[in-house]
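[1] need coordinates for the below:
(one chain, ligands or ions: 1)
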Amino acid sequence: MKSPKHYLLHIMLLSALCSCDSGDIQDKVYQVDEKGYTVKVTARVSNLSEWEGTGYTLAVAGFTGDSKFALLQKALPSSVEDGSAVSIVLSNISSEVQTVEVSLTNSLRKRIISLATINMAEHVGKTAHDTIRLDLGTVDAGRFGVLQAGVFNRACIQCHGGNGRSAAGLNLTEGNAVASLVDVPSTRREGMLRVASGNVENSLLHQILNEGGENLLSHNHTEILSSQYKSNLEEVNGLIDGWIEHLVP
Ligand code: HEC
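    Now for the predicted structure:
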């Protein structure tokens, strides 16, 4: 089962520990060696190429407790044909890693937004030989798909279309959000568009989610967003703005 590399590591570690008289230490060495978790993520992805040249990468990434930066990550290939099946294996995941996430990260491996999360504490006791599997099904991994899955589905649809009611007549559920937002007049702020294609500053969506927008609606939407995205609020806002900016009027 063990590769020659493993044996070599053992021999080296054991010889380094020879002068110690306790058998416990040897046991510990053995454990460390076995501790690399492996996660395998499968999905059918489309629109990944939209991130090419932006510095952003969709990746399977391991994060320690509070850090916004991935300790290790493996990128999904950006040049796959839309709808093709991809399979990413992230191995040698140490016990420091608390979550493995399917995450959009920037060039510094900083988390922008996550589409799915595996809580490693739920898999304690597994060894490197038991792969933790996650199948995401079909994923729109482009600019809008990431927003839908990472923001609207998580922070908005409970009031906007998810429970059979749409606050302000705005439905942000999958398949409806674009038609409900893009170049559609606001029902609450006369003369404004919910989202003005290509025009971030004039989009109500941008205004209500950023500083100064707290009182534009009867519901404080900056707070809705900041309560959901504690460590990556700025990144999430940047993602929304980037989507608006790339819409062609
Ligand atoms: C707790 C419920 C709730 C959540 C969660 C929520 N909203 Fe709202 N939203 C409302 C209500 C209520 C209104 C209408 C406010 C008013 O009448 O002034 C509204 C209005 C809006 C409007 C203005 C619509 C228009 O026609 O002017 C937009 C845009 C909007 N929400 C986007 C979002 C987004 C994006 C999210 C997720 C980040 C979100 N909302 C989350 C309750 C919610």
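[2] ramachandran angles for L72?
    In terms of degrees, to the nearest 10, the main-chain angles of L72 are phi -150, psi 150.
[3] tell me, how many residues neighbour it?
    L72 sits with 17 neighbouring residues when counted by other CB atoms under 10 Å. The C-beta positions use only the backbone N, C-alpha and C, and glycine is treated the same way.
[4] go on, L108?
    Burial measure for L108: 9 neighbouring residues, criterion other CB under 10 Å.
[5] same check, this time on the one 3 residues further on
    A count of nearby residues for R111, using other CB under 10 Å, gives 22.
[6] ok, it - contacts?
    Taking CB atoms under 8 Å, 6 or more residues apart in numbering as the contact definition, R111 lies against A61, F63, K68, F69, A70, E101, S103, L104, T105, S231, N232, E235.
[7] what pairs with the one helix or strand it maps to, and is each one parallel or antiparallel?
    Here R111, judged by DSSP states H and E, is contained in strand 111-119. Strands flanking strand 111-119 in the sheet, each with its direction: strand 99-105 (antiparallel) (DSSP bridges).
[8] rewinding a little: so which one among the contacts of R111 has the lowest pLDDT?
    In this model, the minimum pLDDT among the contacts of R111 belongs to S231 (85).
[9] so is that one in a helix, a strand, or just coil?
    For S231, the secondary structure call by DSSP: H, G, I helix; E, B strand; the rest coil comes out as coil.
[10] which parts of the strand holding R111 are buried?
    By neighbour count, with 16 or more other CB atoms under 10 Å as the criterion, the buried positions of strand 111-119 are R111, I112, I113, S114, L115, A116, I118.
[11] do that strand and the ligand meet at all?
    No - where contact is defined by CB under 6 Å from any ligand atom, no part of strand 111-119 touches the ligand; the two come within 12.2 Å at best.
[12] check stretch 207-221 too.
    Yes - legend: contact between stretch 207-221 and the ligand by CB under 6 Å from any ligand atom is shown at I208, L217, S218, H219, H221.
[13] pick out the most distant pair among those residues.
    Farthest-apart pair in the residues of stretch 207-221 next to the ligand is I208 and S218; separation 11.0 Å (CB to CB).
[14] circling back: just the contacts of R111 now: which is nearest S78?
    Sorting the contacts of R111 by how near they are to S78, with CB to CB, puts L104 at the top with 11.9 Å.
[15] how many other residues sit next to the closest one?
    The burial count assigned to L104 is 25, neighbours taken as other CB under 10 Å.
[16] the strand holding R111: what's the following helix or strand?
    strand 132-140.
[17] what residues does that next one touch?
    Outside strand 132-140, the residues that touch it by CB under 8 Å, 6+ apart are 37-47, 83, 100, 102, 115-116, 118, 123, 126, 145-146, 148-149.
[18] and if you look at stretch 204-219?
    Counting contacts by CB under 8 Å, 6+ apart, the residues touching stretch 204-219 from outside are 167-168, 181, 186, 188-189, 192-195, 200-201, 220-223, 225, 237, 240-241, 244.
[19] for that stretch, how far is the first residue from the last?
    From the first residue to the last, stretch 204-219 extends over 13 Å; the measure is CA to CA, to the nearest Å.
[20] show me what the most centrally placed residue in the chain is bridged to.
    Among the residues of the chain, the smallest C-alpha distance to the mean C-alpha position (CA atoms, centre = their mean) belongs to S114, namely 1.3 Å. Going by DSSP bridges, S114 is paired in beta bridges with S103.
[21] which stretches of this protein form strands?
    37-46, 57-63, 72-75, 84-93, 99-105, 111-119, 132-140 (DSSP state E).
[22] out of those strands, which comes closest to T173?
    Nearest to T173 among the strands of the chain is strand 132-140; the distance by CB to CB comes to 13.8 Å.
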